[in-house]
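K.L.:
how would this look folded up:
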Amino acid sequence: MQTPSASARRAFPPQTEIRDWRAADGWPMRTLRCLPEGAARGTIVFLNGRADFLEKYLESYAAFLDWGYAVASLDWRGQGMSGRLADHPHKGHQESFDTLVGDLAGWVEDLRRDMPGPLHLVAHSMGGHIGLRYLAEHPGAIRRAVLLAPMLGIRTGGIPIPVARQLARWMTGRGRGGDFALTQKPHGAQALSPVRQAALTGDNERFADEIWWVERNPALALGGVTWGWLDAAFQSLDRLAAPGYLQRVETPVLMLMPENEQVVDPAAARRAAARLPHCLLKVVPGGRHELLRDVDAVRNAALAEIRAALDGTEGQARG
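P.N.:
As a prediction, the model looks like this:
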């Protein structure tokens with residue numbers, strides 16, 4: 001029999017509404033809204049990472065609802081159930097992260113009209129990257145923000161970053177942007193590999209949840225990235241690094257980095273945190289990349305930090 005925790009991970013909260021939202025160009029996006037029992041303290045806008053989908057963070061939505069917050073989340077363009085962008089559904093492709101920032105801006109504008117305020121942002125990995133760009137370009141829209149292992153620097157598997165940049169630019173310029181980048185593959189056996197699990201989470205059951213959902217809906221599966229995605233990511237990282245860009249962020253930010261981070265670049269996160277006017281960076285002991293899907297000790301520590309930051313508790317990120 002499933003424990004209550006497992007049940008929360010494999011079923012949507014009863015008050016969930018799934019909406020087909022259309023971006024400015026008409027692109028179909030799958031979004032989620034949940035309201036707590038009683039009056040809401042505000043809305044947590046939760047942004048997941050690359051290759052993620054709504055179902056992966058159901059347990060976190062339940063925690064946010066228990067705190068009295070409404071929850072809103074979405075499948076990014078090109079993944080989940082929001083429609084793919086390449087000639088193979090397993091290719092993680094983008095032509096520009098500007099499009100993702102624009103999708104987020106249009107969706108948040110809708111949320112501001114009909115979800116309980118204030119809006120807070122909790123964002124993981126690539127979602128943290130896009131969320132940080134949104135904060136810089138839309139001051140005042142978000143009350144407080146928490147970034148979990150944000151993708152502010154890319155690990156390229158031993159290929160020097162300058163070489164990876166040049167390859168991605170060159171392949172995209174030759175019309176090969178839709179091809180899988182070097183070493184990248186369709187979704188398959190590597191999704192189950194111990195190496196992947198070790199990078200993401202120390203919790204066997206939570207790691208298995210992702211596979212459980214994909215087995216029930218294979219359309220959720222996404223593989224590696226294309227040269228176009230990689231080129232777009234580098235260009236977006238350059239935007240974040242531009243002089244004065246991050247200094248425009250008015251929102252208080254708490255940045256949580258896992259102690260055992262292997263997916264994104266912790267040094268890049270530290271550099272970005274130092275440029276943000278109102279940012280506190282904390283390391284979560286024992287944590288791996290997916291802090292909210294890690295073992296209970298790590299997950300609970302991350303949740304406690306998130307709750308304190310959103311509540312404005314002394315010692316957390318504040319303006």
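K.L.:
Below-threshold pLDDT in the stretch 1-150 of the chain: ranges please.
P.N.:
Using pLDDT under 70 as the threshold, the predicted model of the stretch 1-150 of the chain has low-confidence ranges 1-5.
K.L.:
Tell me where it has helices.
P.N.:
Taking DSSP state H, counting those that start in this stretch, the helices of the stretch 1-150 of the chain run over residues 4-9, 58-66, 97-114, 126-137.
K.L.:
Quick check: which of those helices is nearest to Asp179?
P.N.:
Ranking the helices of the stretch 1-150 of the chain by proximity to Asp179 (Cβ to Cβ) places helix 97-114 first, at 18.9 Å. All C-beta spots, glycine's among them, are computed from the backbone N, C-alpha and C.
K.L.:
neighbouring contacts of that closest one?
P.N.:
Helix 97-114 is touched from outside by 21, 23-24, 27, 29, 31, 43, 45, 47, 72, 74, 76-77, 94, 119, 129-131, 133-134, 137-138, 141-142, 232-233, 235-236, 239, with contacts defined as Cβ atoms under 8 Å, 6 or more residues apart in numbering.
K.L.:
Same question for stretch 270-286.
P.N.:
Taking Cβ under 8 Å, 6+ apart as the rule, stretch 270-286 contacts 132, 150, 152, 202, 240, 246-247, 249-260, 269, 291, 294-295, 297-298, 301-302, 305, 316-319.
K.L.:
Between its first and last residues, how far does it reach?
P.N.:
One end of stretch 270-286 sits 18 Å from the other (Cα to Cα, to the nearest Å).
K.L.:
and the contacts of stretch 270-286, which are buried?
P.N.:
Among those, the ones that count as buried by 16 or more other Cβ atoms under 10 Å are 132, 150, 152, 202, 240, 246, 249-258, 260, 269, 291, 294-295, 298, 301-302, 305, 316-317.
K.L.:
so of the helices of the stretch 1-150 of the chain, which one's packed in deepest?
P.N.:
Neighbour counts averaged per stretch over the helices of the stretch 1-150 of the chain are highest for helix 126-137, at a mean of 25; criterion: mean count of other Cβ atoms under 10 Å.
K.L.:
name the helices or strands packed onto that helix?
P.N.:
Helices and strands in packing contact with helix 126-137 are listed as strand 43-47, helix 97-114, strand 119-124, strand 145-148, helix 227-241; criterion 3 or more Cβ pairs under 8 Å, 6 or more residues apart in numbering; DSSP states H and E.
K.L.:
So which of the contacts of stretch 270-286 sit within helices?
P.N.:
Among the contacts of stretch 270-286, the residues falling in helices (DSSP state H) are Leu132, Leu240, Ala269, Ala297, Val298, Ala301, Ala302, Glu305.
K.L.:
Greatest separation within the residues you listed: which pair is it?
P.N.:
Across those, the longest distance by Cβ to Cβ is 31.6 Å; it joins Leu240 and Ala297.
K.L.:
just to revisit the earlier point, now the buried members of the contacts of helix 97-114.
P.N.:
21, 23, 29, 31, 43, 45, 47, 72, 74, 76-77, 94, 119, 129-131, 133-134, 137-138, 141-142, 232-233, 235-236, 239.
K.L.:
The nearest residue to Ala23 once chain neighbours are set aside and Gly26: what is the separation?
P.N.:
Ranked by Cβ to Cβ, 6 or more residues apart in numbering and with sequence neighbours excluded, the top spatial neighbour of Ala23 is Asp103, at 4.9 Å. From Asp103 over to Gly26 the distance is 12 Å, taken as Cβ to Cβ, to the nearest Å.
K.L.:
Please enumerate the shared neighbours of these two.
P.N.:
Going by Cβ under 8 Å, 6+ apart, no residue sits against Asp103 while also sitting against Gly26.
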